[in-house]
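Asks: need coordinates for the following:
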Amino acid sequence: MTMLGERDEALGLEPATTNRWRPTFASRLRGEGTQARRAWRAEYVRRIAVGDVLCALVATLAGSLVRFGSDAGVLAQPHPSRWLIALLPLVWIAAMLVARSYEERFLWVGPDEFRRVFVAAGLLLAAVGTVSWAFQLELARGFVVVALPLATLLTLAHRYGQRQRLHRRRSAGQYLQTAIVVGHRNGVVALHEQLDREAYHGYRVIGCCLPADAQGGRTAAFDGLPVLGSIDQVVDVVRRYEVDTVAVLPSPELDGPALRRLGWELEDTAAELLLAPAVTEIAGPRVRIRPVCGLPLLHMERPELRGIRRLTKETFDRAAASLGILLILPVLLALALAVGLTSRGGVFYRQERVGRDGRTFGMLKFRSMVAGADRMVDDLAQQTDGNGVLFKMKGDPRVTRIGAVLRRYSLDELPQLLNVLRGDMSLVGPRPPLAAEVESYGYDMHRRFLVKPGITGLWQVSGRSDLSWDDSVRIDVRYVENWSLAYDFMILWKTFGAVFRGAGAY
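Replies: Numbers count the residues shown, from 1 in each chain. As a prediction, the model looks like this:
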């Protein structure tokens, strides 16, 4: 028996009927090969395409009704708009194909799928305008103005719904693909935690491959994962367990030539190769591959924290905060009345927080605790449910009855719109820390002071008080490193769901 076979037997692995070996703990995957586990992808793409056609049909009908009303006789006349109306669903699909919006690598996760829908809509609008101008066609502008934007919005909503459905299935253990992590122990732990935390990406890690001198024996298990082999045995492991994905972390053993050979060898299998860069938490827009001296090198752009984009962000923040205060003014008055009538003390609670460039400011909240609650922290310090730096307590006795409701749905944060108007805070940003917390910050955490703290942020949509301290650091640094207006809009969109769920709010 080979070394891998001895390891299988020691780890409790058994052979499958195809004479290949699989882990017994992945019994749900037994009997399925890579192709079988990926069979759902073709059906998903077909469902997306059919939905796109239906969205275009609905948009066509709506545009026809708006432009021509219920008079069907108009469409029977020999008019160029008749052909556009008849062919729009087919042309819409053609535009999606040109924009490559049905390629699997752009589906399921990430913004590329939605960006390509916008690209397809723009291409189609440009084509319609160019053709009508070149051939002097009198197209019904009202139809175009209604049908194309509506088709875009319906398509985006349809694809978002399909994606959310897939993510729910994956969280329930369906539509997963097996993966192994290759690298050193610290990197394996970090990547394994990340893949487990974001299960909707669809990766089920079944084992790892470590350097030969770091395996700790042939029967070792590490971080709850079997050590299936050494780095030199990755291809054998892939074939033996029919692995779908190989995630490779930076390591001296896999330098340029070795990594290139690994890629070549994996071409004979069905496995995908993922490379985790040494620089983490940097999003795609900041990373470019550029040829330098004949080598494809990663070029990291500087974070866009100053200039016109920052001015645009601050202008948007203050305008949105002003509009928000006007729209929810009755709600603010009702909440203030509820706080004032149900417990003693002021309506608002002002607390010193640290903002951009380390400057302190007074952050406003609706009071959700009894008066003098800050002086009771020392007595409750041993009962903290926080992450070692932040004091948080589930069932905190200082929280009032109305305060518990305010905290669950983040209504106590609404007065911070006034802080946004004053320029102390932003709508989206890192969590505003206390001065006592800043004293325990390491070098990485000081990056958060390059931007204003926010009413909401990645911490709000990623678990809030349930986050560990390391996760809080990682999330804040990720936001600062990858800030953009599109990123802010995405976080604002996700904030509504996080608030209604109330997860991590206490």
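Asks: going forward, measure contacts and count neighbours with C-alpha atoms only.
Replies: Fine.
Asks: quick one: stretch 201-215 to chain centroid distance?
Replies: Taking the mean of its C-alpha atoms, stretch 201-215 sits 24 Å from the chain's own mean (CA atoms, centre = their mean, to the nearest Å).
Asks: can you check stretch 473-489 too?
Replies: 11 Å.
Asks: in it, what counts as buried?
Replies: 473-484, 488 (16 or more other CA atoms under 10 Å).
Asks: and stretch 34-48, by the same measure?
Replies: 34, 37, 44-45, 48.
Asks: swap in stretch 223-230?
Replies: Result for stretch 223-230 [16+ other CA under 10 Å]: buried residues 225-230.
Asks: make CSV from those residues and add distance to His299, secondary structure and pLDDT to it.
Replies: As requested, the buried residues of stretch 223-230 are exported to CSV (distance: CA to CA, whole Å; DSSP: H, G, I helix; E, B strand; the rest coil; pLDDT from 0 to 100):
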residue, distance to His299, secondary structure, pLDDT
Leu225, 34, strand, 84
Pro226, 36, strand, 88
Val227, 34, strand, 88
Leu228, 34, strand, 88
Gly229, 33, strand, 87
Ser230, 31, strand, 87
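Asks: hmm, back to that, hmm, which of the buried residues of stretch 34-48 is lowest in pLDDT?
Replies: Of all the buried residues of stretch 34-48, Thr34 carries the smallest pLDDT score, 78.
Asks: what sits closest to it if chain neighbours are left out?
Replies: Spatial nearest neighbour of Thr34, chain neighbours left out: Asp244 (5.7 Å); criterion: CA to CA, 6 or more residues apart in numbering.
Asks: do the same with Ala95
Replies: Nearest to Ala95 is Ala120, by CA to CA, 6+ apart, at 5.1 Å.
Asks: which stretches in the stretch 251-400 of the chain count as helices?
Replies: All helices of the stretch 251-400 of the chain, identified by DSSP state H, counting those that start in this stretch, fall at 256-266, 308-327, 329-342, 377-380.
Asks: swap that for the stretch 51-200 of the chain, sorry
Replies: 80-98, 112-134, 141-171, 185-197.
Asks: and the ones you listed: which comes nearest Thr312?
Replies: Evaluated over these, closeness to Thr312 peaks at helix 112-134, with 21.5 Å, by CA to CA.
Asks: burial of the residue nearest to Thr34, as a residue count?
Replies: Neighbour count for Asp244, taken as other CA atoms under 10 Å: 24.
Asks: related to what we said a few turns ago, now mean pLDDT too, for the helices of the stretch 251-400 of the chain, in a markdown table please.
Replies: Below are these laid out as a markdown table (pLDDT from 0 to 100):
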| stretch | mean pLDDT |
| --- | --- |
| helix 256-266 | 87 |
| helix 308-327 | 90 |
| helix 329-342 | 91 |
| helix 377-380 | 61 |
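Asks: could you dump the ones you listed into TSV with mean neighbour count and distance to Val238 added?
Replies: TSV is the format used below for the helices of the stretch 251-400 of the chain (neighbours: other CA atoms under 10 Å; distance: least, CA to CA, whole Å):
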stretch	mean neighbour count	distance to Val238
helix 256-266	13	8
helix 308-327	15	46
helix 329-342	15	58
helix 377-380	11	52
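Asks: could you export those as JSON lines, including distance to Ala371?
Replies: Below are the helices of the stretch 251-400 of the chain laid out as JSON lines (distance: least, CA to CA, whole Å):
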{"stretch": "helix 256-266", "distance to Ala371": "62"}
{"stretch": "helix 308-327", "distance to Ala371": "26"}
{"stretch": "helix 329-342", "distance to Ala371": "12"}
{"stretch": "helix 377-380", "distance to Ala371": "13"}
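Asks: closest one to Arg447 among the ones you listed?
Replies: helix 308-327 (16.3 Å).
Asks: which other helices and strands does the closest one contact?
Replies: With contacts defined as 3 or more CA pairs under 8 Å, 6 or more residues apart in numbering; DSSP states H and E, the packing partners of helix 308-327 are helix 416-422, strand 426-428.
Asks: quick one: residues in contact with the first one.
Replies: Under the criterion CA atoms under 8 Å, 6 or more residues apart in numbering, residues 317-318, 321-322, 324-325, 363-365, 425-427, 455 lie in contact with helix 416-422.
Asks: for the residues you listed, which one is nearest Asp196?
Replies: Using CA to CA, these come closest to Asp196 at Ile455, 28.0 Å.
Asks: which SS class is that closest one?
Replies: Of the three states, Ile455 takes strand under DSSP: H, G, I helix; E, B strand; the rest coil.
Asks: spatially nearest residue to it, not counting backbone neighbours?
Replies: Leu427 (5.2 Å).
Asks: swap in Leu414?
Replies: That would be Lys365: by CA to CA, 6+ apart, it lies 7.0 Å from Leu414.
Asks: for the one you found, give its distance to Arg356.
Replies: 19 Å (CA to CA, to the nearest Å).
Asks: and Thr315, by the same measure?
Replies: 17 Å.
Asks: again with Ala212
Replies: 47 Å.
Asks: re earlier: generate TSV for the contacts of helix 416-422, with distance to Val405 as supplementary columns.
Replies: Converted to TSV, those look like this (distance: CA to CA, whole Å):
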residue	distance to Val405
Asp317	26
Arg318	27
Ala321	23
Ser322	25
Gly324	21
Ile325	20
Met363	20
Leu364	18
Lys365	14
Met425	24
Ser426	24
Leu427	22
Ile455	18
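Asks: deepest in the core, which of the helices and strands packed on helix 308-327 is it.
Replies: strand 426-428 (a mean of 26; mean count of other CA atoms under 10 Å).
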